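>>> Sharing a sequence plus its predicted fold:
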Protein chains: 2
Amino acid sequence: MTCSADYAPQLRARGYRMTPQRMVILHVIHHSGKHLSPSVIYEKARKELPGITETTVYRTLEFLAQNGLVRSAHMGNGHLVYEIAGHEHHHLKCRICGSEMEVEHSLLAKLYHQLETASGYQLTDSHLTFFGLCPNCQKGE
Amino acid sequence: MTCSADYAPQLRARGYRMTPQRMVILHVIHHSGKHLSPSVIYEKARKELPGITETTVYRTLEFLAQNGLVRSAHMGNGHLVYEIAGHEHHHLKCRICGSEMEVEHSLLAKLYHQLETASGYQLTDSHLTFFGLCPNCQKGE
DNA sequence: TTCCTTATTGCAACTATTTGCAATAACATA
DNA sequence: TATGTTATTGCAAATAGTTGCAATAAGGAA
């Protein structure tokens, strides 16, 4: 939990504030290896800070994502999940069994350069999900 | 509207049925150049088929996407939008002004091959959204 | 340490999306 | 063309996510 306090200066420098709610939410996301849904984050956060509301969780997640402290990822069902920022990676997901696999962002570096050159856009960190069939499910179809 | 009937055999071959609701929804998506949100699709569909419900729109969109007649795209806000299938492309989106730009899938062909080789997954058509700063917004920051 | 500004929270009401289930209607078959 | 099977729809109720606004509290300045 103390670890989350480390983020405070980052926020203050931009005119924002560190609050118990933000600390708890950062703590929850930080200490879960995987991506979490807002409702799971709410349930976990509630155990450490009983008064916290779902509204605050939603708003805080959006805030933290916008400020680069967490990453949001869309895993294909129209819902966002969240993970701690710092490790740029993407996911491959099986359309059939739903299994997931991480892909390092470095694999996409060349593509990103190409896209930047071709478009004039300057690309920033953001999560991608690629869909397909995992080796196992390819056998069935 | 007749055009949507062309999809019927495709559905029947798989044991599904063509219905007025599906025809109207396909028609709406087909004749709009861009991606549409479920609520916009509902409003447009309602004009042609007044009794249609939002529930049906949501369920139909998911069904059509799963069967490859439409594509769903996630443009970053946690909500899905839909477009007619057939033109494989992706989008670049500006984090600041929200402007969008299409990217042909062919630009990603090499990457897809690399990912398939590295992972064993067999990748299938699906939409990606890349985030960044458009040329205009780069000046401001 | 106290005060002041204003970012942040909680509450309540709202909009968006999902789910279960009974009624309906495609469409394959006779 | 009439019939039976069952995929699909609509309705109602549930869950998920968003928004406006007044009350609260972070944290810089005195």
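Right, received. Where do you want to start? Numbers count the residues shown, from 1 in each chain, chains lettered A, B, ... in the order given.
>>> Which residues of chain A lie near DNA strand C?
Residues of chain A lying close to DNA strand C by C-beta under 7 Å from any atom of the strand are A:11, A:15-17, A:19, A:21-22, A:51-53, A:55-56, A:59-60, A:63, A:77-78. Yep, even glycine has a C-beta here, placed from its N, CA and C like the rest.
>>> buried ones in the helix or strand bottoming out on mean pLDDT in chain A?
Taking mean pLDDT, DSSP states H and E as the measure, chain A has helix A:2-5 as its least confident helix or strand, at a mean of 79. Neighbour-count burial for helix A:2-5, counted by 16 or more other C-beta atoms under 10 Å in any protein chain shown, picks out A:Ser4.
>>> so how far is DNA strand D from A:Gln114?
32 Å (C-beta to the nearest atom of the strand, to the nearest Å).
>>> wait, does the least confident helix or strand of chain A contact DNA strand D?
No. Taking C-beta under 7 Å from any atom of the strand as the criterion, helix A:2-5 and DNA strand D are apart, separated by no less than 9.1 Å.
>>> Give me the distance from that helix to the chain's centre.
With C-alpha atoms, centre = their mean, to the nearest Å as the basis, helix A:2-5 stands 19 Å off its chain's centre.
>>> show me where chain A has helices.
A:2-5, A:8-13, A:20-30, A:38-48, A:54-66, A:109-119, A:135-140 (DSSP state H).
>>> most neighbours per residue, which of those helices?
helix A:20-30 (a mean of 21; mean count of other C-beta atoms under 10 Å in any protein chain shown).
>>> what does chain A have sitting close to DNA strand D?
Counting by C-beta under 7 Å from any atom of the strand, chain A sits next to DNA strand D at A:8, A:11-12, A:17-20, A:37-39, A:54-55, A:58-59, A:62, A:79-80.
>>> Can you work out which other helices and strands pack against the least confident helix or strand of chain A?
The contact analysis (3 or more C-beta pairs under 8 Å, 6 or more residues apart in numbering or on different chains; DSSP states H and E) places helix A:2-5 against helix A:20-30.
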